[in-house]
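> No sequence on hand, only this structure:
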C-alpha cells in the first residue's frame, strides 16, 4: 500500500507532529528511527527478484510502495558495545551503505534528498551558489589561517560560528584575535568568521513553490539564544521571494528554511538555507500552514525531485562537538 516514511527518532517532536498530521488526514505513514537499525529494524535488497524493502517494527514496506519520504533527523546507529574497534568500523560502514541504498533509491520522492542534506553541510559552497544567484553575502572567511581572520576583523565587527553548524554564532572579540589564541585553536578545527550586519533576522520557509516569511525580533546576536524572541509575519519583496525559490531549487531542496539578515538599510543578506528546519514554533506564532503545505508536498509530490552527483559517501551522519574557539 502506498505510504510515506518519516525519518526521525522517537524523541523527534517534529517527526511525530508531521506523522500524526498525515494519519489524521488518512494518509499511511511510518516513522523510521535509524537508532533502531540494525538491532530491531531491517533494510534489505535482493536480486531475485530485484527489490528493496524495510521492516519497521515488524511492518514490511517495499521500496516500490514508498510514495515519498521526509528527512527530519537521523540518529546514529546503536551498535553492540561488545564489538571490537575494527568490527565497529565495519559495522558502521555496512549500516551506512544500507541506509544510503534506501536514501538514493530511484522513484522515492525525498523531502529532502540525501544529497541535499549533505550538501548543506558544505556551507562555503552553499554561499557561493547563493552569491552566483545574486544574493548579498556578508564578508566571510572560512578556514584555519589566523592572518586571514585578523585581516577581516580589522575591517568589520565580526561574528564566528562552526563551518559545519551545530552551535550558536558569537561575537569575535579582541581576546579571540590577540595573544596567539587563534594560532592555538585553529590547529584543532577551522571556523567561519563573518561580517556582523546590524539589523534584524528574517526566516523564509520554502515548501515546493510556496513560501512563508517572518521577522525574528531578538536581543541576541543568535536569535536561538533569546527565549523571548518574537516572530512576526512579514511579506518578502517579490525579488527576494524569487531568489528564495531559486536558492532552494539550485541547492536541490524542495523544502528549507532560509535565514536572512535584514540590514538597517533594508538590504537582505543571505546567511544559510537549512534543509531540515524546525518549524512548529514559527507555525504556532504566525499561523503559517507549514504542516499542511508539507503534507501536500508529501502526498501530491508537487515540486521537483532533485539529485546531485556531488555525494560524499563517507560524510558524517552525526553532528560534531562544539567549536573550540571559545
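Thanks, I have it. Quantities reported herein were computed from a predicted structural model and do not represent experimental measurements. Numbers count the residues shown, from 1 in each chain.
> can we go C-alpha only for contacts and neighbour counts from here?
Will do.
> What residues sit buried inside the helix or strand of the chain with the lowest mean pLDDT?
Least confident helix or strand of the chain, by mean pLDDT, DSSP states H and E, is helix 174-177 with a mean of 86. By 16 or more other CA atoms under 10 Å, the buried positions in helix 174-177 come out as 176, 177.
> right, and the helix or strand after that helix?
Downstream of helix 174-177, the first helix or strand assigned by DSSP states H and E is helix 181-185.
> ok, residues contacting the helix or strand that comes right after that following helix?
Counting by DSSP H and E, the element after helix 181-185 in chain order, helix or strand, is strand 191-195. If you take CA atoms under 8 Å, 6 or more residues apart in numbering as the criterion, strand 191-195 is touched by 138-144, 149, 152, 156-163, 172, 323.
> Would you double-check that residue 11 falls in a strand?
No: counting by DSSP: H, G, I helix; E, B strand; the rest coil, residue 11 is not found in a strand; it is coil.
> And it, what's its pLDDT?
Looking at residue 11, its pLDDT reads 92.
> try residue 234
95.
> How about the nearest residue to it once chain neighbours are set aside: which residues does it bridge to?
Ranked by CA to CA, 6 or more residues apart in numbering and with sequence neighbours excluded, the top spatial neighbour of residue 234 is residue 214, at 5.0 Å. For residue 214, the beta-bridge partners are residue 203, residue 233 (DSSP bridges).
> which residue sits closest to residue 62, ignoring its sequence neighbours?
Once flanking residues are discounted, residue 62 sits nearest to residue 53: 4.1 Å by CA to CA, 6+ apart.
> Correct me if wrong: that neighbour contacts residue 41.
No: using CA atoms under 8 Å, residue 53 makes no contact with residue 41, being 10.9 Å away.
> Give me the distance between residue 241 and residue 212.
Going from residue 241 to residue 212 by CA to CA, to the nearest Å gives 9 Å.
> Looking at these two, which is more packed in?
A side-by-side neighbour count of residue 241 and residue 212, using other CA atoms under 10 Å, places residue 212 first with 21 against 18.
> Which element, helix or strand, includes that one?
Element membership for residue 212, per DSSP H and E: strand 210-217.
> roughly how far is that strand from the heart of the chain?
Centre-to-centre, strand 210-217 and its host chain are 17 Å apart (CA atoms, centre = their mean, to the nearest Å).
> how is the protein carved up into domains?
Domains of the chain are assigned by automatic domain parsing as 3-111, 112-138+198-326, 139-195.
> ok, so what distance separates residue 81 from residue 256?
Where residue 256 is concerned, residue 81 sits at a distance of 36 Å (CA to CA).
> Those two: who's more crowded?
Legend: neighbour count by other CA under 10 Å for residue 81 and residue 256, higher for residue 256 (26 against 8).
> so what's the more buried one bridging to?
Under DSSP bridges, the beta-bridge partners of residue 256 are residue 206.
> Show the contacting residues for it.
With contact set as CA under 8 Å, 6+ apart, residue 256 has these partners: 205, 206, 207, 248, 273, 274, 275, 276, 277.
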